[in-house]
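Engineer: coordinates for the following, if possible.
(2 chains)
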Amino acid sequence: MYLYPIWIRLWHLFNAVLIIVLIVTGLSMQYTDKQDYILVVGFARAVKWHNIAAILLILNYVFFVAGNLLTANGKYYKLEKRTIWKDMVKQMKFYGWGMFRKEKHPFPITLERKFNPLQKFSYVLAMYVAMPLVIISGLGLLFPEVTVNRVFGVSGLLLTDMLHIATAFFLSVFLIIHIYTCTLGSKPTSLFRGMLSGYHESDEH
Amino acid sequence: MKLSLIKYFFCLFLIYAGSASSVFGRPELKTQQADVKDTVTFRSPYYDDNERCFKCHGQNKYEYTNENLGRQVKAMMYSEIIIDRNKFYESNHRSFSCTDCHSDEYAKFPHAGELRMEQTFNCIDCHGGDEKFAKYNFEGIEAEYQKSTHYKLDAEGFTCWNCHNPHEYKINIRNSSNIKEAILYDNNICLRCHSNFNQFQILSDREEINILQKHEWLPDQESHFKNVRCIECHSELNDTILVSHMINPVEKAVKRCNECHSKNSLLMSSLYKFESKEQRKDGFLNGIMLNQSYVIGANRNRYLNILSLVMFGVVLIIIGGHIFFRLTKK
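Structural biologist: Predicted coordinates for the structure are as follows:
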């Protein structure tokens, strides 16, 4: 089943590379020390590459939002408000219990339903809540002159950075879970292959 | 769907920009704020005496009676010998009479030509060896200065006054409640020569230096210039004096970001060394900086660090458990 058109695969590839660069350089800045022993890259290089990757990520994000607005792909991110919680619990039960008992997938993937409810919810959270927050707070740090100086006696930059880091942390956790759940296909590599070829192999979780 | 997405993004933008936008109404910090209270209440016992000097040296033009010509003459005052009356009465030396440091002979006009050759005092001439000023450690400052790169200009006439105009100088970082104003005041001392070639070439034969170009490597240059003093990177730290006076040669300037952007930030031993406010105790490393500023890498929060590690650990344990069951329940 051809599920991932070329623009999505390209967007996803760039997004993955840029997010990894941003996490590595972001961690390098946050946990910088006088000796570079725990750092992957030095502070100056981290700042430079973090800024470059961030600008590219914003462009890539605009491309993603535009793609979802202009093509049918947007429909996959529409949450079914009435049933979403019930469906997510059902999916969670499957991941935690059912899949080990060889139960059938409660939400098999079709052309109409690319994501299971848990996927859909976490993707919406990541792409439409966390990403805008991390981008806007990141711009506030990139252009500190537009960030409010002090909020109730606390540095506006500190609050902006805490929002940025906290959101980035949740996105990093999301990334780990995302990569792991991608091993839940019919074979551990089949979902990764699908994201490269565009063709989804059925029978996955 | 499309419309609600647009609305959603617009709202999100407004939430953030709403708090951030107030900055556009924020007054730009351009000039050093005067200690208004002091100038209002302070009245020098020598005010009237000093006024005899300020009458001419307090403005751009002066007027005198030329007895040879038998008429009043107006002339321009040389900019170097104009003393700003208000700045003088705000300064640390405000209670002085002009003739405490300058010859009494200046009371006569026209001034005698040889008075130009009068010896001027340095800080140490008055403040050295005086118990009253022991806490400032002027001797330590003098010793530091003699090791400083500025000292090699001593023969060219470099003195304390090149940086600390005795007619305007006031204690800065120790008394300032607003560190940004203190930074501006201190940096202006350096920029007086280093961004003004007319001033610079009096002491040095070097070519003109473009400060902005020289610091182009510095990310977010403007923010650095507003939030740290030049001496943070260009001087040697010293625990015994308030403000380091040993200016290093340019090759020894701090260029590693980690020196400030780290757990053991050097800003704690320089800019924030004498910050009188209490150390914050809310888990932030180098929390005292947060009273005035925020430095990425130097102000991380230890509780949030622990929380993030715990959360990350829990995720990894869940994934590990899941992998275990996948392998064993095949």
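Engineer: any chance you could map the helices in chain A?
Structural biologist: Counting by DSSP state H, chain A has helices at residues A:6-30, A:43-70, A:84-96, A:117-124, A:131-142, A:156-181, A:190-197.
Engineer: you'd agree A:Ser28 is up against A:Ala46?
Structural biologist: Yes. Here A:Ser28 lies in contact with A:Ala46, judged by C-beta atoms under 8 Å, at a distance of 3.8 Å. Every residue, glycine included, has its C-beta placed from N, CA and C.
Engineer: re the thing from before, need the helices of chain A in JSON lines with distance to chain B, can you?
Structural biologist: As requested, the helices of chain A are arranged in JSON lines below (distance: least, C-beta to the nearest C-beta, whole Å):
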{"stretch": "helix A:6-30", "distance to chain B": "6"}
{"stretch": "helix A:43-70", "distance to chain B": "4"}
{"stretch": "helix A:84-96", "distance to chain B": "7"}
{"stretch": "helix A:117-124", "distance to chain B": "11"}
{"stretch": "helix A:131-142", "distance to chain B": "5"}
{"stretch": "helix A:156-181", "distance to chain B": "4"}
{"stretch": "helix A:190-197", "distance to chain B": "14"}
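Engineer: contacts only, for the residue lying closest to A:Leu158 once chain neighbours are set aside.
Structural biologist: Using C-beta to C-beta, 6 or more residues apart in numbering or on different chains and skipping the chain neighbours, the partner closest in space to A:Leu158 is B:Tyr294 (4.2 Å). The contact partners of B:Tyr294, taken as C-beta atoms under 8 Å, 6 or more residues apart in numbering or on different chains, are A:Ser155, A:Leu157, A:Leu158, A:Asp161.
Engineer: which residues of the stretch 201-330 of chain B lie near chain A?
Structural biologist: Applying C-beta under 8 Å from any C-beta of the partner chain, we find that the stretch 201-330 of chain B lies next to chain A at B:217, B:219-220, B:222-223, B:256-259, B:261-264, B:290, B:293-294, B:296-297, B:299-301, B:304, B:308, B:311-312, B:315-316, B:319, B:322, B:325-326, B:329.
Engineer: just the buried ones among those residues, please.
Structural biologist: B:220, B:256-259, B:261-263, B:290, B:293-294, B:296-297, B:299-301, B:308, B:315, B:319, B:322 (16 or more other C-beta atoms under 10 Å in any protein chain shown).
Engineer: can you pull up the most central residue in chain A?
Structural biologist: With distances taken as C-alpha atoms, centre = their mean, the residue of chain A nearest its centroid is A:Ala126 (5.0 Å).
Engineer: my guess is that residue meets A:Ile177, correct?
Structural biologist: No. With contact defined as C-beta under 8 Å, A:Ala126 does not count as touching A:Ile177 (10.1 Å).
Engineer: picking that back up, show me what contacts the residue nearest to the centre of chain A?
Structural biologist: A:Leu171, A:Phe174.
Engineer: in a strand, that's where B:Ile241 is, yeah?
Structural biologist: No. Assignment of B:Ile241 by DSSP: H, G, I helix; E, B strand; the rest coil gives coil, placing it outside any strand.
Engineer: number of residues surrounding it?
Structural biologist: Here the count is done by other C-beta atoms under 10 Å in any protein chain shown, and B:Ile241 has 18 residues near it.
Engineer: distance check, it against B:Gly128.
Structural biologist: Distance, B:Ile241 to B:Gly128, by C-beta to C-beta, to the nearest Å: 14 Å.
Engineer: do the same with B:Tyr145
Structural biologist: 12 Å.
Engineer: between these two, who's got more neighbours?
Structural biologist: B:Tyr145 (21 against 13).
Engineer: wait, that one sits on B:Ile241?
Structural biologist: No. Distance between B:Tyr145 and B:Ile241: 10.4 Å, which falls outside the contact criterion (C-beta under 8 Å).
Engineer: turn the contacts of B:Tyr294 into TSV, including neighbour count and pLDDT.
Structural biologist: Below are the contacts of B:Tyr294 laid out as TSV (neighbours: other C-beta atoms under 10 Å in any protein chain shown; pLDDT from 0 to 100):
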residue	neighbour count	pLDDT
A:Ser155	22	76
A:Leu157	24	82
A:Leu158	21	83
A:Asp161	24	88
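Engineer: would the residue nearest to A:Leu158 count as being in a strand?
Structural biologist: No. B:Tyr294 sits outside any strand when classified using three-state DSSP, being coil.
Engineer: how much space separates it from B:Cys260?
Structural biologist: 12 Å.
Engineer: helices and strands around the helix or strand harbouring B:Lys180, which ones?
Structural biologist: Using DSSP states H and E, the element containing B:Lys180 is helix B:179-194. Helix B:179-194 sits against helix B:160-163, helix B:197-203, helix B:221-227, helix B:230-234, with contacts defined as 3 or more C-beta pairs under 8 Å, 6 or more residues apart in numbering or on different chains; DSSP states H and E.
Engineer: domain boundaries for chain B, per the record?
Structural biologist: B:36-119, B:123-255, B:301-330 (automatic domain parsing).
Engineer: and those, which is most packed in?
Structural biologist: domain B:123-255 (a mean of 15; mean count of other C-beta atoms under 10 Å in any protein chain shown).
Engineer: which intervals of chain A have sub-threshold pLDDT?
Structural biologist: A:34-40, A:202-205 (pLDDT under 70).
Engineer: quick one: furthest residue from the center of it?
Structural biologist: Outermost in chain A, C-alpha atoms, centre = their mean: A:Gly153 at 33.3 Å.
Engineer: that one and chain B, how far apart?
Structural biologist: Look at A:Gly153 and chain B: by C-beta to the nearest C-beta, to the nearest Å, they are 9 Å apart.
Engineer: can you check A:Phe107 too?
Structural biologist: 18 Å.
Engineer: report the contact partners of that residue.
Structural biologist: Here A:Phe107 is in contact with A:Asp87, A:Lys90, A:Gln91, A:Arg113, A:Asn116, A:Pro117 (C-beta under 8 Å, 6+ apart).
Engineer: next: B:Cys123.
Structural biologist: Contacts of B:Cys123 (C-beta under 8 Å, 6+ apart): B:Phe138, B:Ile141, B:Glu142, B:Cys160, B:His164.
Engineer: change it to 6 Å
Structural biologist: Shown in contact with B:Cys123 (C-beta atoms under 6 Å, 6 or more residues apart in numbering or on different chains): B:Phe138, B:Cys160.
Engineer: and it, how far is that from chain A?
Structural biologist: On the measure of C-beta to the nearest C-beta, B:Cys123 and chain A end up 34 Å apart.
Engineer: confidence score at the residue in chain B that chain A sits nearest to?
Structural biologist: As assessed by C-beta to the nearest C-beta, chain A sits closest to B:Cys257 within chain B, at 3.6 Å. pLDDT for B:Cys257: 86.
Engineer: before we move on, back to that, farthest pair within the contacts of B:Tyr294?
Structural biologist: A:Ser155 and A:Asp161 (8.7 Å; C-beta to C-beta).
Engineer: more neighbours: which of A:Ser28 and A:Ala46?
Structural biologist: Higher neighbour count among A:Ser28 and A:Ala46: A:Ala46, with 25 against 22, using other C-beta under 10 Å.
Engineer: what sits against the closest residue to B:Glu156 other than its chain neighbours?
Structural biologist: Nearest in space to B:Glu156, with sequence neighbours left out and distances taken as C-beta to C-beta, 6+ apart, is B:Leu203 at 5.1 Å. By C-beta under 6 Å, 6+ apart, the contact set of B:Leu203 is B:Leu153, B:Glu156, B:Phe158.
Engineer: with distance to B:Lys252 added, can I get the helices of chain A in JSON lines?
Structural biologist: JSON lines is the format used below for the helices of chain A (distance: least, C-beta to C-beta, whole Å):
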{"stretch": "helix A:6-30", "distance to B:Lys252": "25"}
{"stretch": "helix A:43-70", "distance to B:Lys252": "18"}
{"stretch": "helix A:84-96", "distance to B:Lys252": "59"}
{"stretch": "helix A:117-124", "distance to B:Lys252": "52"}
{"stretch": "helix A:131-142", "distance to B:Lys252": "30"}
{"stretch": "helix A:156-181", "distance to B:Lys252": "30"}
{"stretch": "helix A:190-197", "distance to B:Lys252": "52"}
